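> With the sequence up front, the predicted model follows.
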Amino acid sequence: MIYTCTLNPSIDYLIQVDDFKLGALNRAGRTQFFPGGKGINVSRVLKRFDTESTAIGFAGGFTGEYIQNFLQKENITADFTEVSDDTRINVKLKTGIETEINGAGPEIPAEQQEQLIDKVRQLEKGDLLVLAGSIPSSLPAHFYSRLAGICRSAGAETVIDTTGRALEETFQYEPFLIKPNHHEIGELLKTKVSSVNEAVYSAKKLLDRGVQNVIVSLAGEGAVLVNKDIVLKASVPSGEVKNSVGAGDSVVAGFISAYTKGLSFEEALRTGVSAGSATAFSEDLCTKAEAEKLRGDIKIEKIG
Ligand SMILES: Nc1ncnc2c1ncn2[C@@H]1O[C@H](COP(=O)(O)OP(=O)(O)OP(=O)(O)O)[C@@H](O)[C@H]1O
Ligand SMILES: O=P(O)(O)OC[C@@]1(O)O[C@H](CO)[C@@H](O)[C@@H]1O
């Protein structure tokens, strides 16, 4: 079974303001709400790729209820731990360029922390847990590594999509996959990563620290997949980027969906990148049909 864990979900509030002026009253054009948070996005794209998952994490208040109702309408199994504070609202301002304001997230009391940990203790060998997104400020930075450690002891695999120390501390538990973008892997290794070669070099350093597979996404420049046996480079299709929110999560979901169905690393990477680009080219997360249309435009090269 696949689980996604979003410790810090959100309602993503997308606001279109064509001629945004700082310090003035701006009138919004189109506005939209979506359930957000990286694990939730992964679950939504998995569902569109006919792959079942259970979404766990913390949800609270009217915003938490909105997210859970939305997931229910999309027939996604969710088992959130309820907290009393409201789940955050993240503002995604579309003004020609994208500006994001993400909330810190609610207070998570110790009792609810333990309840979530107990859910993760139920995982078994063969299960896969995706830990994705930021950690609310009331939780310790090592919360992900604690969950990753529990999975490791149970024989369940982990996919980690977060940044900095929270990510680094999970390496001791040999995550199956991490998917930093090129800025994030650069920050982690205190270097600048802007080319495919630099991404591969950096990813190999993380294999040495225990990670089994690293996908580095380089936005419009493509993506690489590196593990101990293979180095793959994927090109991305060209198109108009409408909304990059969730593009990285779609790469993770597409990859997992294909890989868990038994496809090769090449085809799983192709599926991941097609989902990422299809999301970037659409307003909400991609549909399977949108991603499939792009498959043929993605070139996968074995470069190591
Ligand atoms: N300009 C683009 N053209 C085509 N595809 C793109 C473009 N930008 C992003 N993508 C798609 O989105 C994927 C993820 O992009 P990116 O490297 O920006 O990751 P990210 O920063 O994790 O994404 P997110 O915007 O979700 O935070 C890429 O692998 C690609 O498939
Ligand atoms: O603040 P975090 O947890 O790092 O990121 C949260 C977020 O920006 O990530 C998703 C896109 O990847 C959005 O749905 C959501 O608003």
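Yes, it's here. Numbers count the residues shown, from 1 in each chain. Ligands and ions are numbered 1, 2, ... in the order given.

> any idea how far residue 235 is from the residue in the stretch 151-300 of the chain that ligand 1 sits nearest to?
When scored by CB to the nearest ligand atom, the stretch 151-300 of the chain has residue 248 as its residue closest to ligand 1, at 2.2 Å. In short, each C-beta sits where N, CA and C put it, glycine included. Distance of residue 248 to residue 235, given as CB to CB, to the nearest Å: 17 Å.

> Those two: who's more crowded?
Comparing residue 248 with residue 235 by other CB atoms under 10 Å, the one with more neighbours is residue 248, at 26 against 16.

> Shouldn't the more buried one be within a helix?
Yes - counting by DSSP: H, G, I helix; E, B strand; the rest coil, residue 248 is found in a helix.

> dump the residue contacts of it.
38, 161, 179, 181, 217, 276 (CB atoms under 8 Å, 6 or more residues apart in numbering).

> Surely residue 92 touches residue 100?
Yes - using CB atoms under 8 Å, residue 92 is in contact with residue 100, at 5.4 Å.

> Now list whatever residues contact both of those two.
Once CB under 8 Å, 6+ apart is applied, the residues that residue 92 and residue 100 both contact turn out to be residue 245.

> Of those two, give the one with the bigger neighbour count.
residue 92 (21 against 11).

> ok, for the more buried one, nearest residue in space, not its chain neighbours?
Closest residue to residue 92 apart from its sequence neighbours, by CB to CB, 6 or more residues apart in numbering: residue 14 at 4.6 Å.

> Regarding the one you found, what is its secondary structure?
Assigned by three-state DSSP, the conformation of residue 14 is strand.

> so it makes contact with residue 246?
No - using CB under 8 Å as the test, residue 14 is too far from residue 246 to be in contact (11.0 Å).

> who's more crowded, those two?
Between residue 14 and residue 246, counting by other CB under 10 Å, residue 246 is the more crowded of the two (27 against 21).

> what about the residue lying closest to that one once chain neighbours are set aside, how many neighbours?
Spatial nearest neighbour of residue 246, chain neighbours left out: residue 41 (4.4 Å); criterion: CB to CB, 6+ apart. For residue 41, the neighbour count with other CB under 10 Å is 31.

> Could you list which residues are in contact with residue 41?
By CB under 8 Å, 6+ apart, the contact set of residue 41 is 132, 246, 249-250, 253, 285.

> Of those residues - the most surrounded one?
residue 253 (35 neighbours).

> Without its sequence neighbours, what residue ends up closest to the residue positioned nearest the centre of the chain?
With distances taken as CA atoms, centre = their mean, the residue of the chain nearest its centroid is residue 249 (3.4 Å). Distance criterion CB to CB, 6+ apart; nearest residue to residue 249, sequence neighbours excluded, is residue 41 at 3.7 Å.

> Helix or strand: which one has the one you found?
Assigned by DSSP states H and E, residue 41 belongs to helix 38-48.

> cool, and residue 252?
helix 247-260.

> could you check the angle helix 38-48 makes with that helix?
Relative orientation of helix 247-260 and helix 38-48, computed by axes from the mean of the first three to the mean of the last three CA atoms, to 10 degrees: 50 degrees.
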